[in-house]
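Peer 1: only the shape, not the letters, is given here:
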């Protein structure tokens with residue numbers, strides 16, 4: 001399933017739900033990102049006949065599963081692992097995504113993936129897993145070999161508190177402070193769809209950032225707005241955020 005818009009996604013999920021009920025069989029969506037999941041959960045809240053699964057609890061990308069009945073625990077999500085030696089060539093999230101795109105794989109065909117000190121974990125469906133094990137053999141200049149594992153590891157995050165000086169609590173000012181760009185550049189990032197508040201893509205730069213808002217900026221990171229610490233002498237705002245950092249805290 002390629003989700004070109006939230007409305008098309010919901011139409012597809014309604015059809016899956018009807019088919020599941022009519023044919024008395026489990027059906028599932030492809031992996032949905034957090035914005036799509038936020039939209040989906042409003043119409044399809046979790047119940048005995050609607051489940052969300054990304055391979056592990058708290059996964060950021062998940063599938064919607066319409067089970068056959070209350071006892072049906074179907075899921076085809078598997079985890080792939082590749083051991084890596086990054087002493088001489090480090091790779092990052094963008095390198096993995098680029099390798100997947102090079103294979104012309106739709107983003108909805110795989111779930112969360114991340115890098116640890118000596119390995120990569122990637123969640124996907126069982127059919128796609130076979131293809132990736134055979135074809136995803138190189139990431140940037142690093143040779144890799146993926147295999148399916150029985151374990152379902154959990155991506156771990158810790159947070160660090162940061163302070164950003166911002167002109168106001170408007171979205172463009174917040175993005176400018178966090179991404180260290182000008183207000184005009186921040187507005188352009190918002191227009192390009194690179195900024196989300198609470199997993200919903202921003203369309204206007206004047207939306208206010210309230211306490212507790214999750215701010216996601218593509219290429220910069222994810223932050224939770226805590227609030228104003230104090231005002232500066234130039235009448236700007238020293239704002240406190242918690243930044244998500246992948247991995248265990250050291």
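Peer 2: Nice, I can see it. Because the structure is predicted, anything quoted here is derived from the model rather than measured. Residues are numbered from 1 along each chain as shown.

Peer 1: how is this protein divided into domains?
Peer 2: 6-66, 77-149, 157-246 (automatic domain parsing).

Peer 1: reformat these as a markdown table; add mean neighbour count.
Peer 2: Every C-beta, even on glycine, is put in place using the N, C-alpha and C of the backbone. Shown next, in a markdown table, are those (neighbours: other Cβ atoms under 10 Å):
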| stretch | mean neighbour count |
| --- | --- |
| domain 6-66 | 17 |
| domain 77-149 | 16 |
| domain 157-246 | 16 |
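
Peer 1: and those as TSV, adding mean pLDDT?
Peer 2: Output for these, formatted as TSV (pLDDT from 0 to 100):
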stretch	mean pLDDT
domain 6-66	94
domain 77-149	94
domain 157-246	93
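
Peer 1: do you know how far residue 222 is from residue 122?
Peer 2: Per Cβ to Cβ, to the nearest Å, residue 222 is found 20 Å from residue 122.

Peer 1: same check on residue 204?
Peer 2: Counting by Cβ to Cβ, the gap from residue 204 to residue 122 is 35 Å.

Peer 1: which residues pair with residue 222 across the strands?
Peer 2: Beta-bridge pairing of residue 222 under DSSP bridges involves residue 216.

Peer 1: hey, where'd the helices end up in this protein?
Peer 2: 6-23, 34-43, 93-102, 126-135, 171-179, 183-191 (DSSP state H).

Peer 1: how many residues are close by residue 153?
Peer 2: 15 (other Cβ atoms under 10 Å).

Peer 1: so who does it touch?
Peer 2: Residues near residue 153 by Cβ atoms under 8 Å, 6 or more residues apart in numbering: 56, 79, 121.

Peer 1: tell me, what residue is most central in the protein?
Peer 2: Computing the C-alpha centroid of the chain and ranking residues by Cα atoms, centre = their mean puts residue 60 first, at 4.7 Å.

Peer 1: test my guess that it contacts residue 54.
Peer 2: Yes: assessed by Cβ atoms under 8 Å, residue 60 is found in contact with residue 54 at 7.0 Å.
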